[in-house]
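Visitor: Structure of the sequence below:
(chains A and B)
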Amino acid sequence: MGEASSNFDRAASTARTRLSRRKLGILIAGLVGLAVLPPILTSYWVGLLTQALIFGVLAMSLDILLGYTGMPSFGHAGFFGVAAYAVAVFSTRYHARFLVSALAGLVIGTLLGAAFGLLVSHVRDVYFLMITLALGMVLWGLSYRWIPVTGGDNGISDIPRLATRLGVSWSAPLPFYYLTLVVFIACGGLLMLLVHSPFGLTLQGIRESESRMKSLGVNTWLHRYLSYVIAGAFASIAGIVWAYYNGFVGPTYLDLTASSEIFLMVTLGGPGTLAGPAIGAGAIVLLKNVISTYTQRWLLILGAVYIVTILWAPQGLWNLGANRRPKT
Amino acid sequence: MNRKSARRLAVTFVLTATVAAAGLLAGQMAPDSASAAPIRVGFVAPLSGAYAQNGRDILNGLRLYLEQIGSQAAGRKIELIVEDDEAIPANSLTKARKLVERDQVNIMAGALLSSTGYALAPYIESSQIPMIYPVVSADDLTQRLRGKWIIRTGWSGSQPEHPFGNYAYNTLKLRKVATIALDYAFGWESVGGFQRTFEAAGGKVTQKIWTPVSVHDFAPYLAQVSRDVDAVYALFLGRSALQFMRQYQEFGLKKRILLIGAGTTTDEHVLPAMGDEAIGAITVLHYSAALDTPANRAFVAAYRQKYNKLPSYYAESMYTGAKWMVAAIEAVHGHVEDREAFLHALRTVKPTDLPRGPVELDEYGNPVENVYVRKVERVNGALQNTVIATFPHVSQFWKYDPASYLSLPLYTRQTVPPPPNLLQP
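Guide: Sure, this is the predicted structure:
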């Protein structure tokens, strides 16, 4: 694990410096594109972009753990799924309004992070990975077997669509897309502020050397705990939007495949960069859906993309070309 | 390779993959120059992952029938667009959106698992595209949660089990039965249907054992089976069915206790891979590849010729579904763009010469069809599901009054509702 985490360290080294001018340009161009392009796209593409944004939020939230604090969580889809289930249960069983359901999703997801954080924050590296994996499986098992609440394998469908407010039908593809874009930008902005705050820098310090941070008088346990809770909260936000986007929830939202896919999004894009994981999420969502249309062997192609990235761009897509690491 | 060129290679590869995909896409979006546009059929099923084999069987059934009619109906070409959903409901939904919104399909068909069926239903209803579920058997899709745009050409999970419960008591003279089944909705509904009519007739399900869907070893479950039952009812499919059969014999149960069960346990998707351990098992389904009718013999021969294997019920279900769809297209003379009329045709056509026998839809969108009790036998060296009894014209409500039936809850793991009122003649 030492090898792997030093990879993350290297990947994250760019975040310590401010964004280069070129990357800032790419980022702004990307956001402008996301804002102005959708009206001229078909609803199918708008849908795919919506998915990319939702998984972008999810991948960014995992990046706080994986890239910044150096905690490889393999159960991150758990928060995403639990928040989605909370929305489904509140909106279908108790017929709660949108705001109540969404808030319930956020609160339950965050509380779950607060509870699980107590169990995982004292371990590192592969032990952290194993415990989060186990907790993720527990949540999956719960979703699968707590049938009276979750509907088991069948999940819960018929989550009410967003109502029409201010003359806009929010469940239509385009309005929903812009809603998601606002959530995405808000989350991205907040996370950006977080990682550049003293708190965020401390997290990176812990990743680099926990013992040194300890000797500086930092309560490293508390920092790791808080970063875990925060990551859980942002993953919950993504889960809430996903539940409304699809109109149903099921156990596949939080299984191991889902967790590992988020993990891949972060590593593909570049851990410790925030923008990278968002791009990784977009790339995977688009590649998966576009390639699978043309060939049933699409998993092979996706696998090849992963391998090529890991071999020749171990720091992720976002770190390609630009920042050259000073020779040590 | 130095670092720089390696990076360049990586970027080039990822970009090329994306661009190539986008390019293919643009090619597809080019306007159709043909004057009579084809009827577009969107198909979604798992073609990769654990359920790929079942998904492929479904697709085979569809392809076979389209080939037989030269992909033409009512003078229009039929264009098939196939999508893989890996049996993950969220993926099915994404694929369905793609088929409806980008490919503008006129009709949808497919889906394998109940979870997928339930996930797709709200979207299908809101986009008002007719969809055929050939296989998804979740009872409530055509019962308590039924919609307008989805019709089933397959079955509902408890449908064949209702007559089977009676048959087990009256003909097989069973009194005490233990059940062992996969622990999810399909298992609960099948076992529930069997238990309801079996106990109403006077029998008793003395033991219900549930195994996880991902079960690998049946030893801990088979050890629980009490030895004083008259029969063991089993519900498995795919790999789990093969493993169960083998272990049922290894445990010495085969010699002592009759094995009965749901049709999937000995369906033709697993039967050719089984050995003598399967012989004698009595199961129930709305189809058997050994059904001795001219329509089925022709279907089995054509299927064998094209795919070099026996058709499973998955294949037959979609073959019938395709026939159903084409009959409806012909009924509206190819004007599938009038969706209401097309849907009406889908719900009312009565295609004939179906491999499984006569089928018609009830007003809830579920087939009323024959149910076959089959016994596994070895004939000319190969195992087959020999039909030993036929229940004609079986509805999803059996002989019960639909209103009374629907007022009672769905079968679950814990509860089997009491028998509803019988239908007044």
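
Visitor: Tell me the predicted confidence for the residue of the stretch 201-350 of chain B found nearest chain A.
Guide: Across the stretch 201-350 of chain B, the shortest distance to chain A (Cβ to the nearest Cβ) belongs to B:Val213, at 7.5 Å. For glycine as for every other residue, the C-beta is placed from the backbone atoms N, C-alpha and C. B:Val213 carries a pLDDT value of 83.

Visitor: cool, A:Arg10 as well?
Guide: 50.

Visitor: One more: A:Ser73?
Guide: Reported pLDDT for A:Ser73: 89.

Visitor: Correct me if wrong: the residue of the stretch 201-350 of chain B closest to chain A contacts A:Arg145.
Guide: No - taking contacts as Cβ atoms under 8 Å, B:Val213 lies outside contact range of A:Arg145: 11.0 Å.

Visitor: Between those two, tell me which one has more neighbours.
Guide: For B:Val213 and A:Arg145, the more surrounded residue by other Cβ atoms under 10 Å in any protein chain shown is B:Val213, and the numbers stand at 17 against 14.

Visitor: How is that one assigned, secondary-structure-wise?
Guide: coil (DSSP: H, G, I helix; E, B strand; the rest coil).

Visitor: Would you mind measuring from it to B:Lys399?
Guide: 32 Å (Cβ to Cβ, to the nearest Å).

Visitor: does the residue most central in space within chain B sit in a helix or strand, and which one?
Guide: Nearest to the mean C-alpha position of chain B, by Cα atoms, centre = their mean, lies B:Val135 at 2.3 Å. Assigned by DSSP states H and E, B:Val135 belongs to neither a helix nor a strand.

Visitor: Per-residue pLDDT of it, please?
Guide: For B:Val135, pLDDT reads 92.

Visitor: next one: A:Gly282
Guide: According to the model, A:Gly282 scores 92 on pLDDT.

Visitor: Could you do B:Thr265 as well?
Guide: With respect to pLDDT, B:Thr265 has a value of 94.

Visitor: contacting residues around A:Phe98?
Guide: A:91, A:162-163, A:244 (Cβ atoms under 8 Å, 6 or more residues apart in numbering or on different chains).

Visitor: Could you turn the buried ones of the residues you listed into a PyMOL selection?
Guide: Here is the PyMOL command that selects the buried residues among the contacts of A:Phe98 (16 or more other Cβ atoms under 10 Å in any protein chain shown):
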select buried, chain A and resi 91+162+244
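
Visitor: Next, B:Lys77: secondary structure please.
Guide: Reduced to three states by three-state DSSP, B:Lys77 is strand.

Visitor: Up against chain B, what does the stretch 101-250 of chain A have?
Guide: A:147, A:152-155, A:157-158, A:161, A:173, A:246-248, A:250 (Cβ under 8 Å from any Cβ of the partner chain).

Visitor: if we go to 7 Å?
Guide: By Cβ under 7 Å from any Cβ of the partner chain, the residues of the stretch 101-250 of chain A that approach chain B are A:147, A:152-155, A:157-158, A:246-248, A:250.

Visitor: so which of those is the most crowded?
Guide: Ranking these using other Cβ under 10 Å puts A:Gly250 first, with 30 neighbours.

Visitor: got any ranges where chain A has weak pLDDT?
Guide: Confidence mapping of chain A against pLDDT under 70 gives the ranges A:1-19, A:296, A:321-328.

Visitor: tell me the centre residue of it?
Guide: Mean-position check on chain A, Cα atoms, centre = their mean. Result A:Leu58 at 1.7 Å.

Visitor: Could you list the alpha-carbon positions for stretch B:358-377 in CSV?
Guide: Extracted in CSV, the C-alpha atoms of stretch B:358-377 (Å, rounded to 0.1, in the frame of the first residue of the first chain):
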residue,chain,number,x,y,z
PRO,B,358,-53.0,-20.5,-27.5
VAL,B,359,-52.3,-17.2,-25.7
GLU,B,360,-54.4,-14.1,-25.2
LEU,B,361,-54.0,-11.1,-23.0
ASP,B,362,-56.3,-10.4,-20.1
GLU,B,363,-57.5,-6.8,-19.5
TYR,B,364,-54.5,-6.3,-17.1
GLY,B,365,-51.9,-7.0,-19.8
ASN,B,366,-51.0,-10.5,-18.7
PRO,B,367,-51.3,-13.6,-20.9
VAL,B,368,-54.0,-16.2,-20.3
GLU,B,369,-52.3,-19.4,-21.5
ASN,B,370,-51.8,-23.1,-21.0
VAL,B,371,-49.7,-24.3,-18.0
TYR,B,372,-47.8,-27.5,-18.5
VAL,B,373,-46.7,-29.9,-15.8
ARG,B,374,-43.5,-31.5,-17.1
LYS,B,375,-41.4,-34.4,-16.0
VAL,B,376,-37.8,-34.7,-16.8
GLU,B,377,-37.1,-37.9,-18.9
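
Visitor: Wasn't B:Val371 part of a strand?
Guide: Yes - under three-state DSSP, B:Val371 falls within a strand.

Visitor: For it, give its distance to B:Arg304.
Guide: Taking Cβ to Cβ, one finds B:Val371 at 25 Å from B:Arg304.

Visitor: Which of the two has more residues huddled nearby?
Guide: Neighbour comparison, B:Val371 and B:Arg304: the larger count goes to B:Val371, with 26 against 13 (by other Cβ under 10 Å).
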